Structures are given as structure tokens and as C-alpha cells.
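Student: Need a 3D model of the following:
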Amino acid sequence: MEGKDSRKVDFLECCKTGNVTGLIALLADVDQTDKSKSFGLLLAATNGHLECVKKLISHGANIHQKNKGIHCRTAIMSASEGGYFNTVCYLLSHSANMNDIDENGFTALLLAAKEGHVDCVAELISKGIVKHLNFPYIREAAT
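Tutor: Predicted coordinates for the structure are as follows:
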């Protein structure tokens, strides 16, 4: 059992740090979680590791998975909040649900706007998100 737990930690660490080479060697259960209920795709997106995100999705990672720990967020929410524009674009191109909400009622759009990531806000709006457009800081970021 110890060997399997160690591989799980290594897998999640590779996602968090952007270690694509290590990640490829460990791809087994791409949707595994750690004790805080984070999963590989979320960790990679949260830290802007686009190559890891691509590899995980190509190996079947669930793009709609929400962490069951803090905030209950998806990869698109975390990438938007972090301002990782290329990661946001890639997730959107793979049908990430930009209308999902976290436990506080935030969508990817609100998270991007809250952090001032105008490029992410514009991209989400260009893909058709209309939820929350009446919020003043969304209108301001969109213009």
C-alpha cells in the first residue's frame, strides 16, 4: 500500500509543479485526489501548467470534476481566478462548463473579474457566458 500512496503523492506533486515528464510516467488514475480533495487537473490549472493540463485531458481527466474540499471549484474556475489565459482558452476549447458555480456562488467569470484578469473575462464573454454581466466590475472589465 505504501508504494501506491507514494505514487499518488508523486502524481499530484507533478501536476502542482508542472513536471510533465514525471506526470507521463505516473499517469494511471488521472482523477485521483489528495486528502484535501484536490485532483491533478485542478492543481495543474490552479498553477497555470498548461502542458500538464493538456496531458491530463488527453489521458481522460474529467474536465468537469469539482474538488470536494475548499470552495468546490473546477479547473476552469481556478485557471480563471489565477489569470492563466492560455489554460482558460484550452479548457474552454475542451468544453469546460464556464457556468458552474462554486460554494460561494462564483463562476469562472466572476473569479476572473474579481482578480482583474481582463483577458480571461473577455474570453469567457466571447464564448457566450452572459451570467453576471449586470455586475459593474464585469461590465467595466468587458469594455
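
Student: Could you tell me which residues make contact with the spatially most central residue of the chain?
Tutor: The centroid of the chain falls nearest to Ala75 when counting by Cα atoms, centre = their mean (1.7 Å). Applying Cβ atoms under 8 Å, 6 or more residues apart in numbering to Ala75 gives the contacts Leu41, Leu42, Ala44, Ala45, Thr46, Val53, Ile63, Gln65, Thr87, Leu91, Ala96. Where C-beta positions appear, they are placed from N, C-alpha and C, glycine not excepted.

Student: Model confidence for the residue lying closest to it once chain neighbours are set aside, exactly?
Tutor: Using Cβ to Cβ, 6 or more residues apart in numbering and skipping the chain neighbours, the partner closest in space to Ala75 is Ala45 (3.8 Å). Listed pLDDT for Ala45 reads 94.

Student: In contact with Ala45, which residues are there?
Tutor: Val53, Ala75, Ile76, Ser78, Ala79, Gly82, Tyr84, Thr87, Leu91.

Student: Buried among those? Need that as a selection in ChimeraX.
Tutor: A single ChimeraX command suffices to select whichever of the contacts of Ala45 are buried according to 16 or more other Cβ atoms under 10 Å:
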select :53,75,76,78,79,82,84,87,91
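
Student: and the contacts of Ala45 as CSV, adding pLDDT?
Tutor: Shown next, in CSV, are these (pLDDT from 0 to 100):
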residue, pLDDT
Val53, 92
Ala75, 94
Ile76, 96
Ser78, 95
Ala79, 97
Gly82, 97
Tyr84, 98
Thr87, 98
Leu91, 97
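
Student: Dump the contacts of Ala45 to JSON lines, plus secondary structure and distance to Leu111.
Tutor: As requested, the contacts of Ala45 are arranged in JSON lines below (DSSP: H, G, I helix; E, B strand; the rest coil; distance: Cβ to Cβ, whole Å):
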{"residue": "Val53", "secondary structure": "helix", "distance to Leu111": "17"}
{"residue": "Ala75", "secondary structure": "helix", "distance to Leu111": "12"}
{"residue": "Ile76", "secondary structure": "helix", "distance to Leu111": "9"}
{"residue": "Ser78", "secondary structure": "helix", "distance to Leu111": "8"}
{"residue": "Ala79", "secondary structure": "helix", "distance to Leu111": "9"}
{"residue": "Gly82", "secondary structure": "helix", "distance to Leu111": "9"}
{"residue": "Tyr84", "secondary structure": "coil", "distance to Leu111": "12"}
{"residue": "Thr87", "secondary structure": "helix", "distance to Leu111": "13"}
{"residue": "Leu91", "secondary structure": "helix", "distance to Leu111": "13"}
